[in-house]
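K.L.:
how would this look folded up:
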Amino acid sequence: MTGPVDNTSSAPHIVGPPSLVELAAATLRRMIVGGDLLCGQRIVENRLTGQLGISRPPLREALRVLEREGLVRQVPRKGVIVTPLTLHDIYEICTLRAEFERLAIRLGVPVTDSARRTRCHQALQAMTDAARTGDRPAYLERSFEFHVSVVGLSGHARLEEAYRSLQLQMMLSMALNRRAREEHESLDGDVARHAHLLEIIDTGDPQAVLDELATHGDRSFLDGIEDKVDGHTDVALAWLAQQRTSRKDTR
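P.N.:
Okay, the predicted model is just below:
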């Protein structure tokens with residue numbers, strides 16, 4: 001006699017509308033990476049429940065989501081704050097992010113899965129649409145999804161998940177000096193830079209993509225960053241000097 005048949009593998013995957021927690025987390029995430037909530041700033045629950053129109057339980061659950069992503073942290077006797085960053089933190093985030101991207105390209109280029117390629121092109125189109133409207137917060141979100149889609153070319157779920165969290169922390173770093181970024185490059189210029197990267201990916205040459213990635217990133221947010229953060233370790237200062245030299249060489 002055989003046991004009951006398990007049909008769960010063939011059951012349709014039902015995706016419902018976003019929950020209050022997901023909506024609150026998305027709104028808070030946008031406020032943080034957009035620079036409306038600054039590094040080290042205390043999250044005032046009473047104020048946010050009024051702003052977001054939700055009660056404390058879903059807000060607190062949303063904050064736990066952001067804590068897992070590294071965007072906020074719990075501080076004894078102070079509550080929840082936006083994660084403060086040091087120069088050494090930024091050094092670690094930037095260098096690890098670059099290694100993740102290089103690994104993804106080595107694993108995923110040439111692209112063998114058309115769905116992964118399509119995801120990248122759709123993400124770039126979403127960036128283009130947001131740039132046309134001039135909606136910078138929406139553009140940052142679309143840019144985030146583009147970078148995640150490029151790492152997704154690897155077909156490596158754990159790598160993509162780790163990169164997603166790290167990329168959010170990268171955007172938190174960039175929010176520290178948002179004005180420098182906005183003055184350095186227009187949204188249309190940023191789209192063009194990402195479109196060029198995708199064109200090289202489409203050629204199927206992994207070394208060409210790696211060469212482009214070495215100079216692709218907008219490092220303008222590092223201008224004067226040492227005056228905005230503490231944690232000036234020797235290794236972080238040496239890395240910062242090297243980044244500035246690289247920018248001069250590629251201009």
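
K.L.:
Helix or strand next in line after the helix or strand bottoming out on mean pLDDT in the chain, which one?
P.N.:
Within the chain, no helix or strand scores below helix 178-184, which has a mean of 65 by mean pLDDT, DSSP states H and E. Counting by DSSP states H and E, the element after helix 178-184 in chain order, helix or strand, is helix 187-203.

K.L.:
Which neighbouring elements make contact with that following helix?
P.N.:
helix 114-133, helix 136-152, helix 206-216 (3 or more C-beta pairs under 8 Å, 6 or more residues apart in numbering; DSSP states H and E). C-betas here are computed from N, CA, C, even on glycine.

K.L.:
Those helices: which one's closest to Val65?
P.N.:
Checking the helices and strands packed on helix 187-203 against Val65 by C-beta to C-beta gives helix 136-152 as the closest, at 15.5 Å.

K.L.:
can you give me the angle that closest one makes with helix 187-203?
P.N.:
With axes from the mean of the first three to the mean of the last three C-alpha atoms, to 10 degrees applied, the angle from helix 136-152 to helix 187-203 works out at 10 degrees.

K.L.:
helices or strands up against helix 136-152?
P.N.:
Using 3+ C-beta pairs under 8 Å, 6+ apart, the elements in contact with helix 136-152 are helix 20-33, helix 87-108, helix 114-133, helix 157-175, helix 187-203.

K.L.:
Report the separation between the residue lying closest to Ile93 once chain neighbours are set aside and Glu199.
P.N.:
Nearest residue to Ile93 in three dimensions, chain neighbours excluded: Gln169, at 5.0 Å (C-beta to C-beta, 6 or more residues apart in numbering). Gln169 sits 28 Å away from Glu199, taking C-beta to C-beta, to the nearest Å as the criterion.

K.L.:
same thing with Ala62?
P.N.:
Taking C-beta to C-beta, one finds Ala62 at 38 Å from Glu199.

K.L.:
For those two, indicate the residue with more neighbours.
P.N.:
Neighbours per residue, other C-beta atoms under 10 Å: of Ala62 and Glu199, the larger number sits with Ala62, 25 against 10.

K.L.:
Assess the claim that that one and Leu28 are in contact.
P.N.:
Yes: counting by C-beta atoms under 8 Å, Leu28 is a contact partner of Ala62 at 6.0 Å.

K.L.:
who's in contact with the residue nearest to Ile225 when sequence neighbours are not counted?
P.N.:
With C-beta to C-beta, 6+ apart as the criterion, Ile225 has its nearest non-adjacent residue at 5.7 Å, and that residue is Asn177. By C-beta atoms under 8 Å, 6 or more residues apart in numbering, the residues touching Asn177 are 220-225, 228.

K.L.:
Could you list which of these belong to strands?
P.N.:
In strands, judged by DSSP state E, none of the contacts of Asn177 are found.

K.L.:
Separate out the buried members of those.
P.N.:
Using 16 or more other C-beta atoms under 10 Å as the burial test, the contacts of Asn177 include 220-223, 225 as buried.

K.L.:
Filter those residues down to the ones in helices?
P.N.:
Cross-referencing these against helices under DSSP state H gives no overlap.

K.L.:
Look up how far Asp113 lies from the closest residue to Leu213 other than its chain neighbours.
P.N.:
Leaving aside its chain neighbours, Leu213 sits nearest to Glu101 (5.8 Å; criterion: C-beta to C-beta, 6+ apart). Distance, Glu101 to Asp113, by C-beta to C-beta: 18 Å.

K.L.:
before we move on, what about Glu160?
P.N.:
Between Glu160 and Asp113 the computed distance is 13 Å (C-beta to C-beta).

K.L.:
can you check His196 too?
P.N.:
Per C-beta to C-beta, His196 is found 22 Å from Asp113.

K.L.:
Kindly list the main-chain dihedrals of the residue nearest to Val80 when sequence neighbours are not counted?
P.N.:
Using C-beta to C-beta, 6+ apart and skipping the chain neighbours, the partner closest in space to Val80 is Ile43 (4.2 Å). Main-chain dihedrals, Ile43, degrees, to the nearest 10: phi -90, psi 110.
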